[in-house]
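Undergrad: sequence? don't have it. structure:
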């Protein structure tokens with residue numbers, strides 16, 4: 001066999017395909033739901049304060065605590081550019097690329113965990 005015949009020979013009955021021809025599953029973003037904990041949930045064991053002015057989601061740092069409402073009745077942690085997790089309900093939320101520069105959140109500016117009487121998680 002020549003080198004060309006060897007390279008054209010199928011592997012395990014299949015022809016090798018170039019990496020560029022792979023087609024992956026396209027990411028489908030979930031819509032950001034209205035936060036059910038923004039009103040009337042149990043207070044946290046620890047004391048915390050949210051900022052007076054909102055910032056956009058894109059300016060928030062990974063690992064930073066924030067609230068989705070001005071009242072500060074919920075706490076979330078930013079996991080990466082598109083996801084966060086609610087500390088109250090332990091449910092993840094997603095921020096679509098189209099709303100990342102416009103969605104406003106309130107950063108937790110002061111957090112006193114030493115005032116907690118028990119673990120919050």
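TA: That came in fine, so what should we check first? None of these values were measured; they are calculated from a predicted model.
Undergrad: point to the helix or strand of the chain where mean pLDDT is at its lowest.
TA: helix 3-8 (a mean of 56; mean pLDDT, DSSP states H and E).
Undergrad: pairing partners for the following helix or strand past that one, with directions?
TA: Using DSSP states H and E, the next helix or strand after helix 3-8 towards the C-terminus is strand 47-50. Paired strands of strand 47-50, with direction, are strand 104-112 (antiparallel) (DSSP bridges).
Undergrad: tell me the buried residues in the strand it pairs with?
TA: 105-108 (16 or more other CB atoms under 10 Å). Heads up, the C-betas are built off the backbone N, CA and C, glycines and all.
Undergrad: could you do stretch 88-102 as well?
TA: 88, 93, 95.
Undergrad: do the same with stretch 64-78
TA: For stretch 64-78, by 16+ other CB under 10 Å, it's 65-69, 72-78.
Undergrad: may I ask which two of the residues you listed are separated the most?
TA: Spanning the widest gap among the buried residues of stretch 64-78 are 73 and 78, at 18.1 Å by CB to CB.
Undergrad: leaving out the residues flanking it, which one is nearest to residue 61?
TA: What sits nearest to residue 61 in space, not counting adjacent residues and going by CB to CB, 6 or more residues apart in numbering, is residue 78, at 6.9 Å.
Undergrad: residue ranges with poor pLDDT in this protein?
TA: Under the criterion pLDDT under 70, the flagged ranges of the chain are 1-22, 35-47, 113-121.
Undergrad: and with 80 instead?
TA: 1-24, 27, 29-50, 72-73, 88, 110-121 (pLDDT under 80).
Undergrad: contacting residues for residue 62?
TA: Applying CB atoms under 8 Å, 6 or more residues apart in numbering to residue 62 gives the contacts 78-80.
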